[in-house]
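*Asks:* predicted structure and sequence below. I'll ask about it afterward.
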Amino acid sequence: MMSQRVSLEELWESTPPSEQVFQPDQLVGCPDTVQRYLNHAIAPGTRLASAVRLRMHGEIKLRGWLPFTAEQVICWRRGFIWRAAVRMNGLPIWGSDRLVDGVGGMRWKLLGLFPVMTASGADITRSTVGRMLAELVWFPSVLCQRDVSWTASDAVHAHASLTLFGESTELILTVDHQGRLESVKLRRWNNPEGAEFHYVDFGGFVEAEGKFGGYTIPTRLLVGWHFGSEAFESEGAFFRVTIDQAIYR
């Protein structure tokens, strides 16, 4: 498939730099919770980026917790590529998760040679769309677009309804009184129990934030399945991540 041939560099270079800038008056009419969040996340005069490039490290739970380093590009109109190296028993596993032009997939190889996991198909694509929507917390310029519909259930919960590659979802953002993001939650298509694919509560807690090029984004998160239930910490959490760098264009 052509989408599997697109490299991280090609995806990044395919997105022209944005010319639009953010101004707080764009948010007039939005609920106060939404305005508080977006005004905290984006400084006035910041270009409304059409892509972000991230460097990160952390741990991923594959039976046990394993260290990883990764680089990721997210382009709103095309998708994302997450390229990572995970160490298991001292040996590197290299690979990527991706969603490019509406097609999702995963390819991982031990030592870069021996396949350990390959996945594709409609269910994988649907799940990777959900992942990308959750990761818009690193890409808040997308949440300023006109095709995002905002509501607020109370003073600390903002709901963003949006559609990507035919998959519609509602992001539920928990925001403190200064506008800082505390958590993100959505219903994501997957099968974490190993049975049939279905919608599962997915999300993460924000443990720290940082500033990059006019954006204030979460820089440390704990992410997983069954978010909001007792099963999250015991069974669902599988991803601890720290963002080291974010470049916007």
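*Replies:* It's in.
*Asks:* got phi/psi on the nearest residue to Trp150 once chain neighbours are set aside?
*Replies:* Distances taken as Cβ to Cβ, 6 or more residues apart in numbering put Val34 closest to Trp150, at 4.6 Å, once the chain neighbours are dropped. For glycine as for every other residue, the C-beta is placed from the backbone atoms N, C-alpha and C. Val34 adopts backbone torsions of phi -70, psi -50, taken as degrees, to the nearest 10.
*Asks:* for His40, see how far away Val34 is.
*Replies:* Distance, Val34 to His40, using Cβ to Cβ, to the nearest Å: 11 Å.
*Asks:* so between those two, which is more surrounded?
*Replies:* Val34 (22 against 17; other Cβ atoms under 10 Å).
*Asks:* pretty sure that one sits against Val148.
*Replies:* No. Look at Val34 against Val148 with Cβ atoms under 8 Å: they stay out of range, at 9.7 Å.
*Asks:* strand partners (parallel or antiparallel) of the one helix or strand Glu71 maps to?
*Replies:* Element membership for Glu71, per DSSP states H and E: strand 64-75. Strand 64-75 pairs in its sheet with strand 51-62 (antiparallel), strand 79-88 (antiparallel), by DSSP bridges.
*Asks:* identify whichever of those strands lies nearest to Phe205.
*Replies:* strand 51-62 (13.7 Å; Cβ to Cβ).
*Asks:* any idea of the mean pLDDT in that closest one?
*Replies:* The average pLDDT for strand 51-62 rounds to 96.
*Asks:* before we move on, what about stretch 224-236?
*Replies:* 96.
*Asks:* would you mark the buried spots in that stretch?
*Replies:* For stretch 224-236, a neighbour-count test (16 or more other Cβ atoms under 10 Å) marks Gly224, Trp225, His226, Phe227, Phe232, Gly236 as buried.
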